[in-house]
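Participant: Sequence below, structure please.
(one chain, ligands or ions: 1)
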Amino acid sequence: MPQPPSPSPGAPSRAVRVLIVTAVPAERDAVASGLGDAEPVPLPCGQAGYALHRAHAVTGEGPLVADVLAAGVGPAAAAAGTATALTAASAAGEPYDAVVSAGIAGGFGQPPGGTVVATSIVAADLGAATPAGFSSVAELGFGTVEHRPPGQLVRAAAEATGAAAGAVLTVSTVTGSAGRAAELTARHPDAAAEAMEGFGVAEAAAAHGVTVLELRTVSNPCGPRDRDSWRIDEALAALGGGCAALLPVLRAWKA
Ligand SMILES: O=C(O)c1cccc(C(=O)CC[C@H]2O[C@@H](n3cnc4c(=O)[nH]cnc43)[C@H](O)[C@@H]2O)c1
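Facilitator: Down below sits the predicted model:
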């Protein structure tokens, strides 16, 4: 993580607190390693089953604490883990200022190892199959399928991380055919990636009134399944660097 010698004159000295939620421990460890000095700490209220890896940084805008949590695969595990961590931090009087859903992803037209920052975090398969095709719960009138992080923050995050900005779809089933990929991009022409947790993280963040971002690095193209070709090491290496580059942006956003 970049460590300028001292904060800008006049910058608030309160540490900004960021929660970074991954699915699996390999992603958490890649993020923690990118942040440099992350150490395991328990959740403030001691919830069994969850552990944080904490990194401290001093950015040009002031101090920052980043906690990394591997909450599990899929939107339900992501929402449960994120909500638990947000609630525990609030109860301990140390609420988070921002939450980031981070991990590897399938890309729509993005190269392996490339980075994507979400302009929108979309539950792409939350709805009903009808004779006329898929209808989202929003179209059916009983729910939400999209969270939109602040545009200015997304632009700054994309610039700092060298990312493409586009919709990141949350799915419960990994796309495994050209037909399914075409179906998703027809419904979401701005889709840059798909993963399995962002919408769950965003729902929990919204319930707590906390800013959310999603940062993904591409391990595979969305399309016909070829698991052996996934470039996981490349994506994990990019994930650590991407999260490190993102933190000063979040610190400046909250200054
Ligand atoms: O096998 C490994 O070494 C390994 C290391 C790190 C992560 C994994 C995963 O399988 C993570 C699952 C995670 O990845 C996201 N993901 C990646 N590609 C896609 C995709 O094409 N469609 C949907 N999700 C994708 C997803 O968020 C999963 O949670 C393995």
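Participant: and the protein, which of its residues are near the ligand?
Facilitator: Applying C-beta under 6 Å from any ligand atom, we find that the chain lies next to the ligand at 23-24, 26-27, 73, 103-106, 171, 174-175, 194-197, 219-220, 222, 232. For the C-beta atoms, the positions are set from N, CA and C on the backbone; glycine is no exception.
Participant: give me that answer again for 5 Å
Facilitator: Proximity of the chain to the ligand is confined to 23-24, 26, 73, 103-106, 174, 194-196, 232 under the rule C-beta under 5 Å from any ligand atom.
Participant: from those, which would you call buried?
Facilitator: If you count burial by 16 or more other C-beta atoms under 10 Å, the buried members of the residues of the chain next to the ligand come out as 23, 73, 103-106, 194-196, 232.
Participant: Redo these as TSV? Include pLDDT and secondary structure.
Facilitator: TSV is the format used below for these (pLDDT from 0 to 100; DSSP: H, G, I helix; E, B strand; the rest coil):
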residue	pLDDT	secondary structure
23	98	coil
73	98	coil
103	98	strand
104	98	strand
105	98	strand
106	98	strand
194	98	strand
195	98	strand
196	98	coil
232	98	helix
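Participant: Which one of the residues of the chain next to the ligand is nearest to the ligand?
Facilitator: Comparing the residues of the chain next to the ligand against the ligand with C-beta to the nearest ligand atom places residue 106 closest, at 2.2 Å.
Participant: Find the residue closest to the closest one in space, skipping its chain neighbours.
Facilitator: Spatial nearest neighbour of residue 106, chain neighbours left out: residue 222 (4.0 Å); criterion: C-beta to C-beta, 6 or more residues apart in numbering.
Participant: And for the one you found, the neighbour number?
Facilitator: 27 (other C-beta atoms under 10 Å).
Participant: What does the pLDDT read for the residue positioned nearest the centre of the chain?
Facilitator: Centroid check for the chain by C-alpha atoms, centre = their mean gives residue 101 as the closest residue, at 1.7 Å. Confidence at residue 101, expressed as pLDDT, is 99.
Participant: where's it relative to residue 117, distance?
Facilitator: As judged by C-beta to C-beta, to the nearest Å, residue 101 and residue 117 stand 11 Å apart.
Participant: shared neighbours of the two, which are they?
Facilitator: By C-beta atoms under 8 Å, 6 or more residues apart in numbering, residue 101 and residue 117 have these common neighbours: 213-215.
Participant: returning to what we had before: give me the nearest residue to the residue nearest to the centre of the chain, chain neighbours excluded.
Facilitator: residue 201 (3.8 Å).
Participant: Using CSV, list the CA coordinates for the helix or strand hosting that neighbour.
Facilitator: Taking DSSP states H and E as the definition, residue 201 sits inside helix 198-207. Provided in CSV are the C-alpha atoms of helix 198-207 (Å, rounded to 0.1, in the frame of the first residue of the first chain):
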residue,chain,number,x,y,z
GLY,A,198,-21.3,-8.1,-5.1
PHE,A,199,-25.1,-7.7,-4.7
GLY,A,200,-25.1,-9.4,-1.3
VAL,A,201,-22.3,-7.1,-0.1
ALA,A,202,-24.1,-4.1,-1.5
GLU,A,203,-27.4,-5.0,0.1
ALA,A,204,-25.8,-5.2,3.5
ALA,A,205,-23.9,-1.9,3.0
ALA,A,206,-27.2,-0.2,1.9
ALA,A,207,-28.9,-1.5,5.0
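Participant: Distance from the chain centre to that helix, please.
Facilitator: 10 Å (C-alpha atoms, centre = their mean, to the nearest Å).
Participant: do the same with stretch 129-145
Facilitator: With C-alpha atoms, centre = their mean, you get 25 Å for stretch 129-145.
Participant: tell me how far the ends of that stretch are from each other?
Facilitator: Distance across stretch 129-145, first residue to last, is 15 Å (C-alpha to C-alpha, to the nearest Å).
Participant: Among the shared contacts of residue 101 and residue 117, which one has the most neighbours?
Facilitator: If you count neighbours using other C-beta under 10 Å, the busiest of these is residue 214, which has 32 neighbours.
Participant: Let me know whether that residue touches residue 121 as I believe.
Facilitator: Yes: at 5.1 Å, residue 214 counts as touching residue 121 under the criterion of C-beta atoms under 8 Å.
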